[in-house]
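J.: Everything below, folded, please.
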Amino acid sequence: MKKLLIGLGLFIGAIATSYGVGIVPTPGFRLIDGAYILGLANGLNNSYVNGLVGAGTTQATCATIPPSTALVEFDTVASSTGFCLPFGLAGTEINFYNNGAQTATIYPNATNNPITAAQDTINNSTSTTLATHTRLSCMSAKNGVWGCQ
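T.: Next up is the predicted model:
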């Protein structure tokens with residue numbers, strides 16, 4: 001009985017620790033790794049981008065943040081450089097950390113949102129800033145509208 005309980009404990013421990021890992025599915029028709037799907041359902045398999053480099057000094061020339069990214073870290077931020085958010089779609093949330101030496105400017109996407117046919121806003125404005133070594137959380141509860149704090 002003791003061996004059975006130890007084995008069961010190891011099995012449960014393996015399941016509990018493996019659901020955040022899994023294997024990302026490759027495109028096409030094939031079986032999908034159950035551990036990956038369980039992690040995705042539990043909000044653990046989010047995409048992230050680190051080491052982004054700021055670009056441009058305006059909304060039209062800023063570095064674009066890839067869509068479907070949950071966590072973004074900036075490494076190189078020169079004076080007056082910025083980053084453009086993806087389109088604001090209801091339910092989207094992105095967290096930022098500025099690890100650069102300068103304040104970063106965050107802009108809405110430079111083109112009109114295809115859902116609203118208008119320019120997105122951030123906090124009812126055209127941009128927001130992120131000081132060095134601080135974090136910022138942005139979410140879109142309504143298409144075309146970003147709230148950042």
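J.: where are the low-confidence patches of this protein?
T.: 1-27, 40, 42-45 (pLDDT under 70).
J.: Residues in a beta bridge with the nearest residue to Q59 once chain neighbours are set aside, which ones?
T.: Closest residue in space to Q59, ignoring its immediate chain neighbours: Y107 at 4.1 Å, by Cβ to Cβ, 6 or more residues apart in numbering. For glycine as for every other residue, the C-beta is placed from the backbone atoms N, C-alpha and C. Counting by DSSP bridges, Y107 forms beta bridges with C84.
J.: same question, E73
T.: N50, Y97.
J.: shouldn't it be in contact with L52?
T.: Yes: using Cβ atoms under 8 Å, E73 makes contact with L52 at a distance of 7.0 Å.
J.: Mind checking which of those two has more residues around it?
T.: L52 (23 against 16; other Cβ atoms under 10 Å).
J.: Could you pull up the residues touching that one?
T.: 63, 65, 72-76, 83 (Cβ atoms under 8 Å, 6 or more residues apart in numbering).
J.: what comes up buried for the helix or strand hosting it?
T.: Using DSSP states H and E, L52 maps to strand 48-53. Neighbour-count burial for strand 48-53 flags L52 (criterion: 16 or more other Cβ atoms under 10 Å).
J.: And stretch 85-97, by the same measure?
T.: Quick answer for stretch 85-97 (16+ other Cβ under 10 Å): 85-89, 92, 94-97.
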